[in-house]
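J.: structure for the following, please:
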Amino acid sequence: MTAIDSSLTAEELATQPDCWRRAAALAGTSAAALPRRGERIAVVGCGTSWFMAQSYAALREAAGQGETDAFAASEFPGARDYDRVVAITRSGTTTEVLTLLGALRGRTATTALTADPHTPVMTAADQVVVLDFADERSVVQTRFATSALALLRAHLAGDGAGGEGPGSVAKAAEDAERALEEPLPDDLLTIDQVTFLGAGWTNGLALEAGLKMREAACFWTEAYPAMEYRHGPIAITGPGRAAWMFGELPEGLAGDIAATGGLLVAGSGAGGLDPMADLVRAQRLAVALATARGLDPDNPRALTRSVQL
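T.: Take a look at the predicted model:
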């Protein structure tokens, strides 16, 4: 970490490598509560949790584990049938999640991933996996969300999905340690806009990176699938602005970005950081830019730890 990364949010995000290792270990003892191979499932959440749901859904389908959809909890299609619904909720008190779990009781099996074992979600869901070691005092989510995704990645490998499991989570944790130790590029600290890009499971990470920058630093960000970026959004990129790719950069896109005069950030391409570790860099940037703007990342504007309606 650097001197500008001094905040509660920065302290918590720096614990992610150890949290991911613990989450991977927890996946082995929580298998009975997690989706089984072949189940048709939906994963729901709000805000950051919804973006992690999107990443997991893409990973699970790509691994051949079964049809997997992801929804904001408030937008769940009630007429659609699933074998199981997985809810990700750090606080365990979010109104939309609790309302949905109540509506599904007795009709669809439900599993919740939460950080707090003393909240209503413990009885609202049929089964619960508690990641209390990843709970946070910060309003802005960092380690809980990524630890939930680490647990789900590890479970995929334990259920036979090669590559996305304890081994890859261990690699991600090692990469995250690098992402925490290396200084942020000076060019990133002077940009005035960034567009985050993803593909497949990293689309959720791109959306989450953009949210972190808006929450912590009130910074102008956008997020798109990488192949869609050329269909209009690239027009916003130019000198003093950046495009940040999570995962391998599509062929030809580097040249297109260079032609705009914008900065390309591609830390998690082939041979680079695991995309979850690259997200740690984006979290650090959000804290650094908040501090540079005279903002307190621990007290983001108009936000609370849990939305209760």
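
J.: hey, let's count contacts and neighbours off CA atoms from now on
T.: Noted.

J.: using CSV, write out the CA atom coordinates for the helix or strand of the chain with the lowest mean pLDDT.
T.: One helix or strand of the chain scores below all others by mean pLDDT, DSSP states H and E: helix 166-181, with a mean of 90. Presented in CSV, the C-alpha positions along helix 166-181 are these (Å, rounded to 0.1, in the frame of the first residue of the first chain):
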residue,chain,number,x,y,z
PRO,A,166,-8.7,-24.0,-5.0
GLY,A,167,-5.7,-24.0,-7.3
SER,A,168,-6.8,-20.9,-9.2
VAL,A,169,-8.0,-19.2,-6.1
ALA,A,170,-4.6,-19.8,-4.6
LYS,A,171,-3.0,-18.2,-7.7
ALA,A,172,-5.5,-15.3,-7.5
ALA,A,173,-4.5,-14.7,-3.8
GLU,A,174,-0.8,-14.7,-4.8
ASP,A,175,-1.6,-12.2,-7.6
ALA,A,176,-3.6,-10.1,-5.2
GLU,A,177,-0.5,-9.8,-2.9
ARG,A,178,1.4,-8.5,-5.9
ALA,A,179,-1.4,-6.1,-6.7
LEU,A,180,-1.3,-4.7,-3.2
GLU,A,181,2.5,-4.3,-3.1
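
J.: helices or strands up against the next helix or strand after it?
T.: Next along the chain after helix 166-181, taking DSSP states H and E as the criterion, comes strand 193-198. When contacts are defined as 3 or more Cα pairs under 8 Å, 6 or more residues apart in numbering; DSSP states H and E, strand 193-198 packs onto helix 202-217, strand 221-225, helix 226-229, strand 241-245.

J.: for Leu285, which of those is the nearest?
T.: helix 202-217 (7.7 Å; Cα to Cα).

J.: mind exporting the closest one as PDB, just the C-alpha atoms?
T.: The C-alpha trace of helix 202-217 is given here as PDB (Å, rounded to 0.1, in the frame of the first residue of the first chain):
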ATOM      1  CA  THR A 202     -15.000 -10.700 -16.000                       C
ATOM      2  CA  ASN A 203     -17.900  -8.500 -17.100                       C
ATOM      3  CA  GLY A 204     -19.100  -8.600 -13.500                       C
ATOM      4  CA  LEU A 205     -15.700  -7.500 -12.300                       C
ATOM      5  CA  ALA A 206     -15.700  -4.600 -14.800                       C
ATOM      6  CA  LEU A 207     -19.100  -3.500 -13.500                       C
ATOM      7  CA  GLU A 208     -17.900  -3.800  -9.900                       C
ATOM      8  CA  ALA A 209     -14.700  -1.800 -10.600                       C
ATOM      9  CA  GLY A 210     -16.900   1.000 -12.000                       C
ATOM     10  CA  LEU A 211     -19.100   1.000  -8.900                       C
ATOM     11  CA  LYS A 212     -16.200   1.200  -6.500                       C
ATOM     12  CA  MET A 213     -14.900   4.300  -8.300                       C
ATOM     13  CA  ARG A 214     -18.300   5.900  -8.200                       C
ATOM     14  CA  GLU A 215     -19.000   5.000  -4.600                       C
ATOM     15  CA  ALA A 216     -15.600   5.900  -3.000                       C
ATOM     16  CA  ALA A 217     -14.400   8.700  -5.200                       C
END
